[in-house]
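Peer 1: show me the folded form of this:
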Amino acid sequence: MAPSYIGALDLGTTSNRFILFDHQGQIAGMDQMEHQQIFPRPGWVEHDPLEIWQNTCHVIRGALGKIGVAGKQIVAIGITNQRETTVVWDPKTGKPLCNAIVWQCTRTDAICRQLEREGGQDRFRPKTGLPIATYFSGPKVKWILDNVPGARAAAENGRALFGTIETWIIWQLTGGVSGGAHVTDVSNASRTLMMDLETLDWDADILKTMEIPWQMMPRIVPSIDRQTWGHTLKEGPLAATVPVCGALGDQQAALVGQTCFDVGEAKNTYGTGCFMLLNTGHQAVPSNHGLLTTVGYQLRGEKPVYCLEGSIAIAGALVQWLRDNLGLIRSAPEVEALARTVDDNGGVYIVPAFSGLFAPYWRADARGVMVGLTRYANKGHIARAVLEANAYQTLDIMTAMNKDSGVDLGSLKVDGGMVANDLLMQFQADLLVVPVIRPAITETTALGAAYAAGLAVGFWNSMAELKSFWSVDKIWSPQMDDTVRQAGIRAWKKAVERTFGWED
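Peer 2: Residues are numbered from 1 along each chain as shown. Predicted coordinates for the structure are as follows:
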């Protein structure tokens, strides 16, 4: 009998991947393809939705071909995605009305400032758990309707659908113009600034305020859904009929992949951005310290699990900037070797507020700075400052999280591409003064999507079974002298203050 697998589509900010997981939660095969990053103006970031769909088909076929697996051996498909990125498309033609507006894009700043003037930055927070910010999808939809010729009329006439990236790809996989499912899971819906955390439905007052027609909104469904949203088509990339029944925003997927199912468990993902999530159980905990209240995941028929989240816009993207814009390294992994050529940062601090500052500051007027430069500073110090910026930003998040939750973190589970960097992970443990734990499988985002789909169809029986698969690869323990630590934190805080108010 041929082995069976769960397929996970990881629709990231810079690339798409399709990964096949076996019954032990191990990777059996994968394929990956990058997509273009489009920067039409300073602060604007776009993707081509059709390219993302074409690349999705490519990586599905590629992963199957690499290990000789037929589509009929895939039991179910789970999807995880860059979350707030916004697509609006015509359901009759399948064509987007414009490029996708990426979560990092700041073009909606004027819309957000107008919304704030009318009711304050936190006017929607009691319902959505979110401040008004360019980060979220709602203002992006409004921008498209207000600025793309014909978009508003199309939306009002049923000729425009909204979705985040998982919604767009689920629609394509399950039929597209021939009746594809128009759904979004609760974790992604909770990132739009339009969903009520209590009712788990779109809020009519918020939609009215932002002038967004209800008919363009997807149906909100559980993340782990035994009532499948649809099946792939035999003429599609899998060449088989496979249920699509699991979806999670990328950071919530990493939470599930790290099996942080108990209240008080936390994970931090070091990807393009950096995101720490703390499981608060069935209670949506409001934040008074700049964090987000979000849905972690939901099983059909059960109450949702909520999280506090700290979101950092630029993490791994800062290493890419060092590579692509400054040319100091040829590949991302080289940053560690360059940083190890010096003993410390030489007094150099980098705050990568390229798109403003996210949690816990929420300053759209901030822009990036490099401070503390002297003739002594060299490229090794800059590389070290790049790595340390990720750890300092995480410290800011953890401090806010402790204040909101009243829970002191005992350890931190980490994942994402940057956790291969031993220097960064050791510095992170030193700053947080807790052990930093890397799991044996670091592809936790895709793994979480696989777990969601696998639980939905009974490929795995319980969350307890999933916990049994989790194992430690490496632990970093704090080693830094506290005097050195405190001096670094003081300098970092001064550097952060220098970013404020740069944009009028």
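
Peer 1: tell me the SS of Gln104?
Peer 2: coil (DSSP: H, G, I helix; E, B strand; the rest coil).

Peer 1: low pLDDT regions in the chain?
Peer 2: Regions of the chain meeting the criterion pLDDT under 70 cover residues 1.

Peer 1: quick one, domains of it?
Peer 2: Listed domain ranges for the chain are 5-251, 260-439+471-503 (source: the TED database).

Peer 1: mind putting the ones you listed in a markdown table, mean neighbour count and distance to Leu455 included?
Peer 2: Every C-beta, even on glycine, is put in place using the N, C-alpha and C of the backbone. A markdown table is the format used below for the domains of the chain (neighbours: other Cβ atoms under 10 Å; distance: least, Cβ to Cβ, whole Å):
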| stretch | mean neighbour count | distance to Leu455 |
| --- | --- | --- |
| domain 5-251 | 21 | 5 |
| domain 260-439+471-503 | 19 | 7 |
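
Peer 1: now tabulate these in CSV and tack on distance to Ala449.
Peer 2: Output for the domains of the chain, formatted as CSV (distance: least, Cβ to Cβ, whole Å):
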stretch, distance to Ala449
domain 5-251, 4
domain 260-439+471-503, 11
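
Peer 1: which stretch among these comes nearest Phe459?
Peer 2: domain 5-251 (5.2 Å; Cβ to Cβ).

Peer 1: end-to-end on the closest one?
Peer 2: 23 Å (Cα to Cα, to the nearest Å).

Peer 1: before we move on, the earlier item: which of the domains of the chain sits closest to Gly454?
Peer 2: domain 5-251 (4.6 Å).

Peer 1: how far off centre is that closest one?
Peer 2: Relative to the centre of its chain, domain 5-251 is centred 12 Å away, using Cα atoms, centre = their mean, to the nearest Å.

Peer 1: re the thing from before, which one of the domains of the chain lies nearest to Ala450?
Peer 2: Comparing the domains of the chain by Cβ to Cβ, domain 5-251 comes nearest, at 4.1 Å.

Peer 1: show me where the stretch 301-450 of the chain has helices.
Peer 2: 316-324, 334-339, 379-405, 422-432, 444-457 (DSSP state H, counting those that start in this stretch).

Peer 1: which residue sits farthest out from the middle of this structure?
Peer 2: Arg375 (38.3 Å; Cα atoms, centre = their mean).

Peer 1: show me the contacts for that one.
Peer 2: Shown in contact with Arg375 (Cβ atoms under 8 Å, 6 or more residues apart in numbering): no residues.

Peer 1: now the closest residue to Asn268 other than its chain neighbours: how far from Glu198?
Peer 2: Nearest non-adjacent residue to Asn268, counting by Cβ to Cβ, 6 or more residues apart in numbering: Met276, 4.3 Å away. According to Cβ to Cβ, to the nearest Å, Met276 and Glu198 sit 24 Å apart.

Peer 1: His289 now?
Peer 2: 22 Å.

Peer 1: let's verify Tyr135: helix, strand, or coil?
Peer 2: Applying three-state DSSP: Tyr135 is coil.

Peer 1: test my guess that it contacts Trp103.
Peer 2: Yes. The pair Tyr135 and Trp103 passes the contact test of Cβ atoms under 8 Å, sitting 6.0 Å apart.

Peer 1: not counting sequence-adjacent ones, nearest residue to Thr444?
Peer 2: Per Cβ to Cβ, 6+ apart, closest to Thr444 is Gly257, 3.2 Å.
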